[in-house]
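Novice: Make a model of this:
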Amino acid sequence: MKFVIVLVFSVLFLQKSMAQFVFYEWSCADTYKVSAKSGLILREEQSLESNSITLIPFQSKVKVCDENAKEETIDGLKGKWVKTFWEEKEGYVFDEYLEKVENNPIFNLYNAEKDLINTWQNTLFSNEKDYYGLFRTTNPQEYVLRKIELTKEENTDFRKPSINEEMPIWIFDKIDHFEERTIKGTEINKMIFIGEKVNTNNGIIYGDGILNKEDSIKIEGFSINPYELRFQYKDDHQVYDQLLLRMKCWGGIYETSGYESRAVVNFIGDLDGDSKDDILITFQLTYKCWNYGLFSTRYAQDGKMFKEMIVGYGSE
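Specialist: You can find the predicted model right below:
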């Protein structure tokens with residue numbers, strides 16, 4: 001089965017307001033490549049006088065977030081200093097030496113149990129596309145991926161869930177060449193803390209980072225900065241290690257779910273049909289709003305095991 005993914009930001013109309021989302025490393029970042037043949041210096045601050053972190057080679061792909069960009073004119077070129085991520089390094093570059101790369105198509109993702117638990121039967125879906133859900137079965141290790149049954153609302157451009165349609169765990173916008181199928185999977189629904197590991201059929205997910213507190217790790221007020229969610233796998237020749245995300249986790253009690261900002265691994269299973277486990281994750285920077293991501297094995301490139309394919313949003 002092939003996933004073809006489209007970006008439509010206001011297709012599923014939730015019966016709740018959508019908050020302004022705070023930046024986390026991968027959700028707001030667009031892909032660019034370095035257009036300067038001599039390479040582009042990644043700097044610590046938004047200034048030519050700032051210390052150099054590294055030289056990013058010509059044609060290298062980077063992730064760029066233009067929030068809080070600083071405008072400046074350099075050598076007659078008017079541009080901005082933008083936050084940039086490259087090979088696990090982060091800093092600032094002058095964007096006049098970057099060229100936009102068309103991102104891989106992505107589609108919207110919703111955690112129905114989190115976002116729609118009180119509004120499922122009144123949720124409005126667009127008439128312009130089909131929607132697909134991940135549903136539980138009586139076997140706790142098996143799930144069904146199928147089309148959601150929707151009924152058109154009279155005199156509107158929307159549909160609602162059919163009267164007997166159960167609420168799925170997750171909702172996807174669009175799947176091309178779709179066929180209903182059963183998926184082997186596991187619901188995790190927890191943050192993977194420093195030193196913890198979770199097995200998949202193709203490697204290990206683990207948490208890493210720096211815990212910031214002076215005394216006991218069992219008191220409130222901890223931060224993990226940076227927190228990293230990583231994936232490790234190996235073949236016959238060597239061990240590979242891929243960074244999935246990096247963020248700051250703060251405001252809670254270590255080894256509990258009490259962090260106001262955190263990354264939670266929700267589901268592990270073969271969602272894209274290539275017989276390898278994919279990962280569904282919730283990224284949360286405040287307790288009132290969160291972002292979702294699917295890390296897919298099918299579309300991985302450049303020697304990586306995963307590529308982030310979906311960005312979704314939720315709020316209270």
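Novice: ok, the closest residue to P168 other than its chain neighbours to I117 distance?
Specialist: Setting aside the residues directly before and after it, P168 is nearest to G133 in space (Cβ to Cβ, 6 or more residues apart in numbering), at 2.8 Å. (Each C-beta comes from the backbone N, C-alpha and C, glycine too.) Distance of G133 to I117, given as Cβ to Cβ, to the nearest Å: 14 Å.
Novice: same deal with L229?
Specialist: 26 Å.
Novice: More neighbours: which of those two?
Specialist: Per other Cβ atoms under 10 Å, whichever of L229 and I117 has more neighbours is L229, with 24 against 10.
Novice: Please look at the more buried one and A263 and confirm they touch.
Specialist: Yes - using Cβ atoms under 8 Å, L229 makes contact with A263 at a distance of 5.4 Å.
Novice: Overlap of the contact sets of the two?
Specialist: Here L229 and A263 share the contacting residues I192, L245, I281, scored by Cβ atoms under 8 Å, 6 or more residues apart in numbering.
Novice: Now, those residues that are in strands?
Specialist: Per DSSP state E, strands hold the following members of the shared contacts of L229 and A263: L245, I281.
Novice: Please indicate which of the shared contacts of L229 and A263 has the highest neighbour count?
Specialist: I281 leads the shared contacts of L229 and A263 on contacts (other Cβ under 10 Å) with 24 neighbours.
Novice: Just grab the bridge partners of that residue for me.
Specialist: Listed by DSSP bridges, the beta-bridge partners for I281 are V265, G293.
Novice: Hmm, W290 and it touching each other?
Specialist: No - counting by Cβ under 8 Å, I281 does not reach W290; the two are 10.2 Å apart.
Novice: give me every residue that touches I210.
Specialist: Here I210 is in contact with I224, N225, P226 (Cβ under 8 Å, 6+ apart).
Novice: chain center to stretch 271-282: distance?
Specialist: Stretch 271-282 sits 13 Å away from the centroid of its parent chain (Cα atoms, centre = their mean, to the nearest Å).
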